[in-house]
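Trainee: how does the following fold in three dimensions:
(one chain, ligands or ions: 1)
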Amino acid sequence: MSQPVIYPKDKENIVVRYSGNPIVTKDDVPAAAKGVYNSGCIKTADGKYVMLCRVETPSMKQLIWPADSDNGIDFKLRPEPIKMPDTDEFKEYTTGMYYDPRVAEIEGKYYTVFACHSGHSCRLGLLESPDMKEFKWRGFISETDNRNGVLFPEKINGLYCRLDRPNTGDGKGYMWVSYSPDLIHWGQAKYVAHAQDEWGWKKNGPGTVPIKTDKGWLVIYHAVNVQCSAQYVYHLGVMLLDLEDPSKIIARAKAPILSPTTDYELTGLTYAVVFTCGAVVEDDGEVKIYYGGADTVQCLATAKLDDLIDACFNR
Ligand code: BMA
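Mentor: All right, here's what the predicted structure looks like:
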């Protein structure tokens with residue numbers, strides 16, 4: 001495998017891996033598991049962190065399993081995963097495959113969007129929680145074939161807003177934005193970002209909940225290239241979207257901010273993947289980026305918010 005591009009050459013450490021990576025593994029799950037990765041995470045009003053772990057079971061089913069932390073680094077999984085509806089409809093459209101949860105706080109409530117996979121392809125599902133303790137299933141919120149849904153943390157022009165990645169049918173997929181009056185019915189879809197560059201030409205999709213800055217919505221996203229004709233390589237990139245019209249890209253880093261280079265990112269249940277579903281911005285401007293390594297382990301990296309913004313302008 002050729003060496004991935006590292007950004008930026010003169011500031012190689014804008015994203016720093018936590019030295020104790022991985023921070024959550026299958027051994028932390030109070031049940032048999034094959035992996036924990038691509039977990040969402042949020043800091044709640046009381047200053048505690050709640051991670052929604054994507055847990056893969058030995059039979060390849062996926063679970064969403066909450067974990068708690070006081071410091072955003074050491075997480076303890078709760079005794080049980082989130083209970084999903086025991087309905088024919090839920091089973092028909094998930095077949096035990098629901099994953100990549102991304103949680104946003106909007107007007108004091110917590111909303112988690114996740115991918116629901118079945119023989120009918122992939123759609124987005126929504127959970128609502130008042131406190132990240134009780135979770136209520138709200139329903140499917142997309143048609144097929146869509147994934148990587150992530151809600152903005154506030155309404156834009158009076159409507160809920162989300163980024164997602166519909167597939168284009170040719171094995172590719174790019175980031176879109178759409179709007180909703182009620183979080184269930186979505187429309188006014190607009191295209192945001194095409195894949196670009198040698199490290200992300202195959203597809204891209206939203207990663208973390210957009211972070212509001214005075215320069216625009218900062219979005220950490222994933223982008224994929226293919227090496228040796230078949231090996232997908234997942235990188236993280238960063239871009240800024242217009243605050244009022246997030247279909248407009250204000251600035252975008254030319255090179256990835258994180259590429260798979262460590263053992264735990266290169267080898268696992270899959271290969272060469274860094275994939276994020278959550279970030280927490282601390283009061284001092286540190287951004288904790290939670291990401292999955294090789295679809296197997298949950299990792300953490302940190303960056304300064306200002307450096308991520310600068311990276312978008314390729315400074
Ligand atoms: C994507 C999603 C992610 C996964 C990635 C790499 O399509 O399914 O959950 O991490 O592929 O395998």
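Trainee: the residue in the stretch 151-300 of the chain that the ligand sits nearest to: how many residues sit nearby?
Mentor: Closest to the ligand within the stretch 151-300 of the chain is F275: 4.1 Å, counting by Cβ to the nearest ligand atom. Where you see a C-beta, it was placed from the backbone N, CA and C, and this is true even at glycine. Applying other Cβ atoms under 10 Å, we find 25 residues neighbouring F275.
Trainee: please apply the same query to G119.
Mentor: 7.
Trainee: and the pLDDT at it?
Mentor: Here, the pLDDT recorded for G119 equals 90.
Trainee: which one is it nearest to, not counting chain neighbours?
Mentor: The shortest distance from G119 to any non-neighbouring residue, by Cβ to Cβ, 6 or more residues apart in numbering, is to T95 (6.7 Å).
Trainee: quick one, what contacts G268?
Mentor: Taking Cβ atoms under 8 Å, 6 or more residues apart in numbering, we find G268 in contact with G35, Y37, G293, A294, D295, T296, V297.
Trainee: write out the residues of this structure neighbouring the ligand.
Mentor: Residues of the chain lying close to the ligand by Cβ under 6 Å from any ligand atom are N38, Y99, D100, Y234, T270, V273, F275, G292, D295.
Trainee: what about 5 Å?
Mentor: Within the chain, the positions near the ligand by Cβ under 5 Å from any ligand atom are D100, T270, V273, F275, D295.
Trainee: the third one pairs with what?
Mentor: When you say that, I think you mean V273. Y234 (DSSP bridges).
Trainee: ok, it - how many residues close by?
Mentor: That count, for V273 with other Cβ under 10 Å as the rule, works out to 24.
Trainee: of the contacts of G268 - the most surrounded one?
Mentor: Y37 (32 neighbours).
Trainee: which residue, other than its chain neighbours, is closest to it?
Mentor: Nearest non-adjacent residue to Y37 (Cβ to Cβ, 6+ apart): G292, at 3.0 Å.
Trainee: the residue positioned nearest the centre of the chain and I220: what is the separation?
Mentor: Nearest to the mean C-alpha position of the chain, by Cα atoms, centre = their mean, lies C277 at 1.9 Å. Distance of C277 to I220, computed by Cβ to Cβ, to the nearest Å: 10 Å.
Trainee: which neighbours do those two share?
Mentor: In contact with both C277 and I220: G207, T208, using Cβ under 8 Å, 6+ apart.
Trainee: could I get the full set of helices for the stretch 201-315 of the chain?
Mentor: Here the stretch 201-315 of the chain has its helices, by DSSP state H, counting those that start in this stretch, at 263-266, 305-312.
Trainee: looking at these, which is buried most?
Mentor: Compared across the helices of the stretch 201-315 of the chain, helix 305-312 shows the largest average neighbour count, a mean of 20 (mean count of other Cβ atoms under 10 Å).
Trainee: okay, and the beta partners of the residue nearest to P181 when sequence neighbours are not counted?
Mentor: Spatially, and ignoring its direct neighbours in sequence, P181 is nearest to L159 (6.0 Å; Cβ to Cβ, 6+ apart). For L159, the residues forming beta bridges with it (DSSP bridges) are I156.
Trainee: who's in contact with L159?
Mentor: L159 neighbours (Cβ under 8 Å, 6+ apart): Y179, S180, P181, Q188.
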